[in-house]
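# Coordinates for the following, if possible.
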Amino acid sequence: MFKGLFSLLRRQWPAAVIMGGLAVAAVLLMQSKGPPRRYAAESRVLRREGGEILSAGALRVRLPADLRDVELRLEAEDGGGDRYRVRALAAQPARAVEAANAAARTAQSEAAAAAKARADRDREEQRLRVEDLRDKAQLLEGELRTGEVAARERERRMAALQATAAGIERQVEEARSRQDEARARIRELEAAEHRLREAPPSGDEEDRLASPVLDKLRAEMDSIRGKVAVQRLARTPESAEYKQLAERLGELQEEYRAELFRVRARTIVKVNESIRLAEDELRALDERRLRKDMEILKVGDEIREDEPRRREAAATRQQLAAGEERLRRLSAREPEAGPPIVILQEAAGAKPEGGGASGLLPWGLLGAVALGLLAAAAADRLDARVRTDADVRRHLNLPSLALVEEDGEGDALIHRRDPADPMAETFSGAATVLRSYLKEREFKTCAVTSGAPGEGKSTVAANLAVALARKGVNVALVDADLRAPRVHEIFAVDNAQGLSTYLQGGDDPNSFVSATEIAQLFALTSGPVAGVNPEAMESSRMADLVKTLREKYEVVLFDAPPVRGAGAALTLARLVDTNVWVIRSGRSDRRAAGWTKHLLKNVRADVAGVILNRAPSREGLRYYTYPVTK
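Modelled structure (predicted):
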């Protein structure tokens, strides 16, 4: 408990100091002005059901004019909330007794009139409320009946879109199967060609090659082989006819070999063309699938928009039933049995009350401390910014991968710091957690993004890449933030060519990847960003880039654009296997962070966790670092 109070005061100490100081000043002011000596008289009253006790100020206004200068206090008795004391304080005992009794009688008469007026007012208000609920219920029922046709149409569209998406998936599988068959055919032809280069053709190869010339050569070779077999049986291998047949057989084999090479080359060209057509078809199908998925999300949102209206209609019907029942009870209520305020005891005498205020100071100081704590708690409650990992878990329901503290040492890049530096240790732990997450799910690609610019995602992406590379992981870092690229500046690599070059028509993305000063860390910079169409990030070439890099590297990190700043960020968030969300402590508020999570959820993007950047430093942990032996 004390640890929580200390943390609260550390965050909100200005509010606690200001409110506590004001309370202490008020107490001191009241202490310096003690009240004069007075006499107090008491009358006791009972409040029955439906009775209303007037405030002390209202009672004093209703007293006779000669008693209005007397101070009245209205206090509830201990042990029951229906018994009250009317205390009158005056300089003379007789005036205190007269004022206390007059206030009790005034409270009794005023309560009776107020009870009747309140009952009439309650009935009228409830009648108007019921009429409003009836009108609202009729309006909602009409809207629901009108929207039933549209709802059925949306459900039909959703079913059709899902069927189309399933058909696209089947077409993708068929195209991939054709690609695999074509590649297998090429390997078969290449193996047959290798065998043909090592041994003369026999004419009975089973590689499914056919042409009129090959058929003619096979027939003639089979005929000559038969004649050679006859000559061998006749034991005349040295005869001129046998040698002529053997020579002719060799010529036919050479012609057959040459024709096989030509037919096989033409076949390989045709199979490669079929592979290229299948790749084009796959890209087109991926684009269609993405469009259909977006349409399914849109129709799903439309369907969900009808749910609040149905819930509102059901709630309105329940409120209407409860309101009608309450109106019936109010209309059937019988008049109160007896007065709502009963005088239990009138004041018989007045007692002196001390004029000092010496006991006020200790209680006032204690109240000032309590008021300061309450002010700090209220300020902390009203603070909507995400500051700690507890805020991340409580408001976003996401795990925290790391808490990057603000150490005030300038450069936040760990490859420019000592490996035993606390920040380097922090990112080493985050890299271990992220690597375990990726291995468990067989993921390789991860985008590092943020809700808005300026939260430090580029620095976090670079530090994660360095920490993974130091653990022996083969890492590629891609600068996908084409509006504000920073990877080439962080690692001092050439930015003449990069991601933009590939998206605008480059061939192999691996040719634009550059080695960095960190072993096993490679960078694909943004390239020239002037004139780049922002829609290029949402093209099929971007999906091909993710697949290509995934096959070569163990982990591929993308420095992605902010989710709320660029539409391409959502496309990239779905293309990769998972995402790491960077939130700057004390800068992002809960509503903005909630909207960012909603956008990622809408595109079905996986989120591995949150890295809370530039969090307040916890001095108690800074001493625990490993010594480095040089």
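
# what's in contact with the helix or strand containing Thr501?
Using DSSP states H and E, Thr501 sits in helix 499-503. For helix 499-503, contacts defined as C-beta atoms under 8 Å, 6 or more residues apart in numbering pick out 478-480, 482, 509, 512, 524-529, 532, 536-537, 539, 541-542, 545. All C-beta spots, glycine's among them, are computed from the backbone N, C-alpha and C.

# Let me see the ranges of the strands in the stretch 51-200 of the chain.
Using DSSP state E, counting those that start in this stretch, the strands of the stretch 51-200 of the chain run over 71-76, 83-90.

# and what of the stretch 301-450 of the chain?
For the stretch 301-450 of the chain, applying DSSP E, counting those that start in this stretch gives strands covering 341-345, 351-353, 400-405, 445-450.

# which stretch among these comes nearest Arg550?
Nearest to Arg550, of all those, is strand 445-450, at 5.5 Å by C-beta to C-beta.

# Check which element follows that closest one along the chain.
Using DSSP H and E, the next helix or strand after strand 445-450 towards the C-terminus is helix 457-470.

# what packs against that following helix?
For helix 457-470, the packing partners by 3 or more C-beta pairs under 8 Å, 6 or more residues apart in numbering; DSSP states H and E come out as helix 422-441, strand 445-450, strand 475-479, helix 487-491, strand 521-524, strand 555-559, strand 578-584, strand 607-615.

# Mind listing the strands the fifth one pairs with, and their directions?
Each strand pairing with strand 521-524, determined using DSSP bridges, is listed with its direction: strand 475-479 (parallel), strand 514-515 (antiparallel).

# Count the neighbours of Lys601 for me.
If you count neighbours by other C-beta atoms under 10 Å, Lys601 ends up with 10.

# Mind telling me what element it is part of?
Following DSSP H and E, one finds Lys601 within helix 590-602.

# helix or strand for Met19, which one?
Assessed by DSSP H and E, Met19 sits inside helix 2-32.

# Which residue ranges of the stretch 51-200 of the chain form helices?
Assigned by DSSP state H, counting those that start in this stretch, the stretch 51-200 of the chain shows helices spanning 56-62, 93-198.

# who's in contact with the shortest one?
Applying C-beta under 8 Å, 6+ apart, the contact partners of helix 56-62 are Leu54, Arg68, Val70, Glu71, Leu72, Arg73, Leu74, Val86, Ala103, Thr106, Ala107, Glu110.

# hmm, 7 Å instead?
Residues outside helix 56-62 that contact it (C-beta atoms under 7 Å, 6 or more residues apart in numbering): Arg68, Leu72, Arg73, Leu74, Ala103, Thr106, Ala107, Glu110.

# what's the answer for stretch 178-190, then?
Stretch 178-190 has contacts (C-beta under 7 Å, 6+ apart) with Asp207, Arg264, Thr267, Ile268, Val271, Ser274, Ile275, Ala278.

# In JSON lines: those, plus pLDDT and neighbour count.
Output for those, formatted as JSON lines (pLDDT from 0 to 100; neighbours: other C-beta atoms under 10 Å):
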{"residue": "Asp207", "pLDDT": "52", "neighbour count": "17"}
{"residue": "Arg264", "pLDDT": "77", "neighbour count": "18"}
{"residue": "Thr267", "pLDDT": "80", "neighbour count": "18"}
{"residue": "Ile268", "pLDDT": "80", "neighbour count": "15"}
{"residue": "Val271", "pLDDT": "80", "neighbour count": "18"}
{"residue": "Ser274", "pLDDT": "81", "neighbour count": "15"}
{"residue": "Ile275", "pLDDT": "82", "neighbour count": "17"}
{"residue": "Ala278", "pLDDT": "79", "neighbour count": "20"}
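
# Counting only strands, which of the residues you listed make the cut?
Assigned to strands by DSSP state E, none of the contacts of stretch 178-190 qualify.

# Out of those residues, list just those in helices.
Mapping these onto helices (DSSP state H) picks out Arg264, Thr267, Ile268, Val271, Ser274, Ile275, Ala278.

# gap between the helix holding Thr501 and the chain center?
The chain centre lies 29 Å from the centre of helix 499-503; the measure is C-alpha atoms, centre = their mean, to the nearest Å.

# likewise stretch 265-279?
Remark: stretch 265-279 is offset 45 Å from the chain centroid, using C-alpha atoms, centre = their mean.

# Alpha carbons of that stretch, in CSV - could you do that?
C-alpha atoms of stretch 265-279 as CSV (Å, rounded to 0.1, in the frame of the first residue of the first chain):
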residue,chain,number,x,y,z
ALA,A,265,14.8,-26.9,-75.5
ARG,A,266,11.5,-26.0,-77.1
THR,A,267,9.6,-27.9,-74.3
ILE,A,268,11.6,-26.2,-71.6
VAL,A,269,10.7,-22.8,-73.1
LYS,A,270,7.0,-23.7,-73.2
VAL,A,271,7.1,-25.0,-69.5
ASN,A,272,8.9,-21.8,-68.4
GLU,A,273,6.2,-19.7,-70.1
SER,A,274,3.5,-21.7,-68.3
ILE,A,275,5.3,-21.0,-65.0
ARG,A,276,5.4,-17.3,-65.7
LEU,A,277,1.7,-17.3,-66.6
ALA,A,278,1.0,-19.1,-63.4
GLU,A,279,2.9,-16.5,-61.4
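
# would you put the C-alpha positions of stretch 113-127 in PDB?
What follows is stretch 113-127, C-alpha atoms only, in PDB (Å, rounded to 0.1, in the frame of the first residue of the first chain):
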ATOM      1  CA  ALA A 113     -46.600  21.000   1.700                       C
ATOM      2  CA  ALA A 114     -43.400  19.800   0.000                       C
ATOM      3  CA  ALA A 115     -44.500  16.100   0.100                       C
ATOM      4  CA  LYS A 116     -47.800  16.900  -1.600                       C
ATOM      5  CA  ALA A 117     -46.100  19.000  -4.300                       C
ATOM      6  CA  ARG A 118     -43.400  16.400  -4.900                       C
ATOM      7  CA  ALA A 119     -46.000  13.600  -5.300                       C
ATOM      8  CA  ASP A 120     -47.900  15.700  -7.900                       C
ATOM      9  CA  ARG A 121     -44.600  16.600  -9.700                       C
ATOM     10  CA  ASP A 122     -43.400  13.000  -9.700                       C
ATOM     11  CA  ARG A 123     -46.600  11.700 -11.300                       C
ATOM     12  CA  GLU A 124     -46.500  14.400 -14.100                       C
ATOM     13  CA  GLU A 125     -42.800  13.800 -14.800                       C
ATOM     14  CA  GLN A 126     -43.300  10.000 -15.000                       C
ATOM     15  CA  ARG A 127     -46.300  10.400 -17.300                       C
END
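
# pLDDT (mean, whole number) over that stretch?
The pLDDT scores in stretch 113-127 average 76.

# same check, this time on stretch 282-302
83.

# of all the strands paired with strand 521-524, which lies closest to Tyr437?
So among these, strand 475-479 is nearest, using C-beta to C-beta, at 15.1 Å.

# mind listing what the nearest residue to Pro485 once chain neighbours are set aside touches?
Computed as C-beta to C-beta, 6 or more residues apart in numbering, the closest residue to Pro485 that is not its neighbour in sequence is Ser526, at 3.5 Å. The contact partners of Ser526, by C-beta under 7 Å, 6+ apart, come to Asp479, Leu482, Pro485, Asn495, Gly498, Leu499, Ser500.

# Greatest separation within these: which pair is it?
Across the contacts of Ser526, no pair lies farther apart than Leu482 and Asn495, at 11.7 Å, counting by C-beta to C-beta.

# Please say which of these two ends up with more neighbours.
A count of neighbours by other C-beta under 10 Å puts Leu482 above the other of Leu482 and Asn495, at 22 against 18.

# mind showing which ranges of the stretch 251-400 of the chain have poor pLDDT?
327, 330-338, 354-365, 368, 372-373, 375-384 (pLDDT under 70).

# As a check, name the ranges of all helices in it.
Counting by DSSP H, counting those that start in this stretch, one finds helices in the stretch 251-400 of the chain at the ranges 360-382, 389-391.

# Off-centre distance for stretch 485-496?
Centre-to-centre, stretch 485-496 and its host chain are 30 Å apart (C-alpha atoms, centre = their mean).
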